[in-house]
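Asker: Show me the folded form of this:
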Amino acid sequence: MTSLARNKATAAAMVVAAGAGVWAGQNGLLHLPQVQPSATTSETSPATPSGGAIYYRDPDKRPFYSMTPRKTDDGRDYVPVLASEDVNFDAEPAAEVAPGERKIKFYRNPMGLPDTSPVPKKDSMGMDYIAVYEVEDSDDGSVKVSLGKLQRTGVETALIGRQVLTRTIKAPGVVQLDERRIAVVAPRYDGFVASVGPATTASHVKRGDELVTLFSQEVVGWAANLGVEIDADRRKSSNKTEGNGRSIGAARRLENLGAPLEFIDAVRRTGQVPNTFIVRAPLDGVVLERNAVDGQAFKAGDVLFRIADHSVVWMMADVAEGDIDALKVGQPVQVTTRAWPGRVFKGNVAIVYPHLMKETRTARVRIELANSDLALLPDMYGDVAISTGEGVPVVAVPTSAVIDSGARQVVLVDRGEGRFEPRAVKVGRRGDGFAEILDGVAEGDRVVVNGNFLIDAESNLQAALKAFSEPAKPEVTP
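Answerer: Numbers count the residues shown, from 1 in each chain. Have a look, this model is predicted:
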């Protein structure tokens, strides 16, 4: 055989051996048994290898294997590896149990098949049946799992304690303006626009900024009446600084028409009636609408400007019907948006609307958000996270500890030394990663939080094996 052919054969043998798990032993993932030197006493002598040869390894312990007998390049035979010398995943260390402490009840199939034997035997592949001891075959409903298997599969346990359950409700939302922070400039009189100020649509204005200069025959007429009344009052009164109050009628009419207070004060102070007057912004905000142009005529009630304060906005969230019971006014809320990735806006639940939207089966929730830098714009989408909870610690376990079959819930209680007891529990409220336990376990118990399905499967297997090993009950004939 050429060197190239030998290398190809060696590579093929390594692939086959890797499939059998041997490659893992050479790479430190598993510990392969080593041949120990003979000892002088029977107590330290290793057990006699048994079983048929399952593969062959290089005589120099190099990582070369073969599924059939073969020779090295220098003509030496590969060493056969018997079944008892291969890796055993289920066997416990011999030092853990002294001879005579446990009594073997029966032997089970090493591949997990429902086949048992009262005496030692091998399966069709030459693998020894695994002994089941009486201490493992407990009648108290618990299940015994080897410590080695627990370590390899990463089974984790945790003590049961008291937790404050916080449940986060997530929902989509849309930014809307605060209804209480919107104002319109709509005169209560007919008139004309003399000139429009610098404010335009989408520009930011402050309270008192000039918006528009108007002329109104009705306003000017009542202002003239106010001037006449003030002049007549002053002439007839002995105290010209105070007057006798007969000018109240015209002033009240101007106030009812919505004439600017500075215009009314100017007439009172000077006795002169200007032809036009200035209308100013009623609040700080952004101009949403600008319907006024120079020279335009308008009727009473026409909207010349619409202004909204964006410093506080509403986030209208649609919460699923099943989450309504957890919502309360004042709960903290966090909002994220696509427009500002990584930024979190904080607010509180202001109101839960008292009706459902039948099309989506959701409830509308109003959330107030501070928006001093105007980052949140109307009609912007956001993701809402509402933190709910009572704030009172309760007995709770991680949700991963609960095995929920739909009809009942079970947790696995760790009783020590690899023994676990399935225990039915009554689950209450659920929070972020925890579930309240109303009955079944108590504070201080240790339960499995990771790998519980492995133990559950082991329990089902042992129950099946136990059923196969029990003698059949004789049938009762009538």
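Asker: and the lengthiest helix in the chain, how far from the chain's centre?
Answerer: The residue-count maximum for a helix in the chain (DSSP state H) belongs to helix 217-236. Relative to its parent chain, helix 217-236 has a centroid offset of 70 Å by C-alpha atoms, centre = their mean, to the nearest Å.
Asker: And stretch 344-352, by the same measure?
Answerer: 18 Å.
Asker: for stretch 188-204, same thing?
Answerer: 50 Å.
Asker: cool, stretch 122-136 as well?
Answerer: The answer for stretch 122-136 is 46 Å, by C-alpha atoms, centre = their mean.
Asker: do stretch 262-272 as well
Answerer: 65 Å.
Asker: so for it, what's the average pLDDT?
Answerer: Averaging pLDDT along stretch 262-272 yields 90.
Asker: list the helices and strands the longest helix of the chain packs on?
Answerer: Using 3 or more C-beta pairs under 8 Å, 6 or more residues apart in numbering; DSSP states H and E as the contact test, the elements touching helix 217-236 are strand 191-196, helix 248-257, helix 261-270. To be clear about C-beta, it is placed using only N, CA and C from the backbone, and glycine gets the same treatment.
Asker: next SSE after the last one?
Answerer: The C-terminal neighbour of helix 261-270 among helices and strands, as given by DSSP states H and E, is strand 277-280.
Asker: In terms of residue numbering, what are the domains of the chain?
Answerer: Here the domain assignment for the chain is 3-85, 149-160+392-469, 170-178+310-388, 188-303, based on automatic domain parsing.
Asker: Where does Tyr189 sit: helix, strand or coil?
Answerer: coil (DSSP: H, G, I helix; E, B strand; the rest coil).
Asker: Just the buried positions in the helix or strand containing Arg162, please.
Answerer: Using DSSP H and E, the element containing Arg162 is strand 161-164. Neighbour counts over strand 161-164 (16 or more other C-beta atoms under 10 Å) mark Gln163 as buried.
Asker: do stretch 429-446 as well
Answerer: Applying 16+ other C-beta under 10 Å to stretch 429-446 flags Arg429, Gly431, Phe434, Ala435, Glu436, Ile437, Gly440, Val441, Asp445, Arg446 as buried.
Asker: what's near enough to touch Ser372?
Answerer: By C-beta atoms under 8 Å, 6 or more residues apart in numbering, the contact list for Ser372 reads Ser311.
Asker: correction: Leu159
Answerer: Gly444, Asp445, Arg446.
Asker: Inside helices: which ones of the residues you listed?
Answerer: Among those, no member lies in helices (by DSSP H).
Asker: In strands only, show me the residues you listed.
Answerer: Of the positions in those, Arg446 sit in strands, assigned by DSSP state E.
Asker: could I get the contacts of Leu159 as JSON lines with pLDDT and distance to Gly285?
Answerer: Putting the contacts of Leu159 into JSON lines (pLDDT from 0 to 100; distance: C-beta to C-beta, whole Å) gives the following:
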{"residue": "Gly444", "pLDDT": "87", "distance to Gly285": "59"}
{"residue": "Asp445", "pLDDT": "88", "distance to Gly285": "60"}
{"residue": "Arg446", "pLDDT": "89", "distance to Gly285": "60"}
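Asker: what about the helices in the chain?
Answerer: 3-19, 22-26, 147-153, 217-236, 248-257, 261-270, 452-469.
Asker: burial count for Ile351?
Answerer: The local packing of Ile351 (other C-beta atoms under 10 Å) involves 12 other residues.
Asker: ranges for the strands of the stretch 301-450 of the chain?
Answerer: 305-308, 312-320, 332-336, 345-357, 362-370, 381-388, 393-398, 403-404, 409-416, 419-430, 434-439, 446-450 (DSSP state E, counting those that start in this stretch).
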